[in-house]
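Asks: Just the structure for this:
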Amino acid sequence: MPDLNTRQAILAYLNTHSPATTSEMALDLGVGAADVRYHIVNLIREKLVESAGPIPGRSGRRGRPERYLRLTVEQQ
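Replies: Below you'll find the predicted structure:
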């Protein structure tokens, strides 16, 4: 069962710190980046969160590409 507290914390975070990256959310919320990504995938499927685009100047770097995330218009 998904951790609803983490899910709600992510939504609340994006409500006040939008746009944000998964790394920023993980650090500020005190949870792992993988946990944040798990919830973000589901929140995107449910159309509660959307990508706000890639981070300028970060292309070509190794690892998982980071992108800004924000609440959808309906959630703001």
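Asks: Could you use CA atoms for every contact and neighbour count after this?
Replies: Noted.
Asks: The helix or strand of the chain with the lowest mean pLDDT pairs with which strands, and in what direction?
Replies: Lowest on mean pLDDT, DSSP states H and E among the helices and strands of the chain sits strand 49-54, with a mean of 86. Partner strands and pairing direction for strand 49-54 (DSSP bridges) are strand 67-71 (antiparallel).
Asks: CA atoms only for the partner strand - export them in CSV, please.
Replies: Included here for strand 67-71 are C-alpha records, laid out as CSV according to Å, rounded to 0.1, in the frame of the first residue of the first chain:
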residue,chain,number,x,y,z
ARG,A,67,13.2,17.7,-14.7
TYR,A,68,11.1,20.2,-13.0
LEU,A,69,7.7,19.0,-11.7
ARG,A,70,4.7,21.0,-10.8
LEU,A,71,1.0,20.5,-9.9
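Asks: residues in contact with the residue sitting nearest the centre point of the chain?
Replies: Closest residue to the average C-alpha location of the chain: T22 at 4.6 Å, with C-alpha atoms, centre = their mean. T22 is in contact with 33, 36-37, 66-69, counting by C-alpha atoms under 8 Å, 6 or more residues apart in numbering.
Asks: List only those of those residues flagged as buried.
Replies: Applying 16 or more other C-alpha atoms under 10 Å to the contacts of T22, the neighbour count classes 33, 36-37, 66-69 as buried.
Asks: Give me the buried positions along the least confident helix or strand of the chain.
Replies: Within strand 49-54, the residues that count as buried by 16+ other C-alpha under 10 Å are 49-52.
Asks: Looking at the buried ones among the contacts of T22, spot the one nearest H17.
Replies: L69 (9.8 Å; C-alpha to C-alpha).
Asks: Tell me which residues touch the nearest residue to the closest one once chain neighbours are set aside, please.
Replies: Nearest non-adjacent residue to L69, counting by C-alpha to C-alpha, 6 or more residues apart in numbering: S51, 4.6 Å away. By C-alpha under 8 Å, 6+ apart, S51 lies in contact with 67-70.
Asks: Cheers, nothing more for now.
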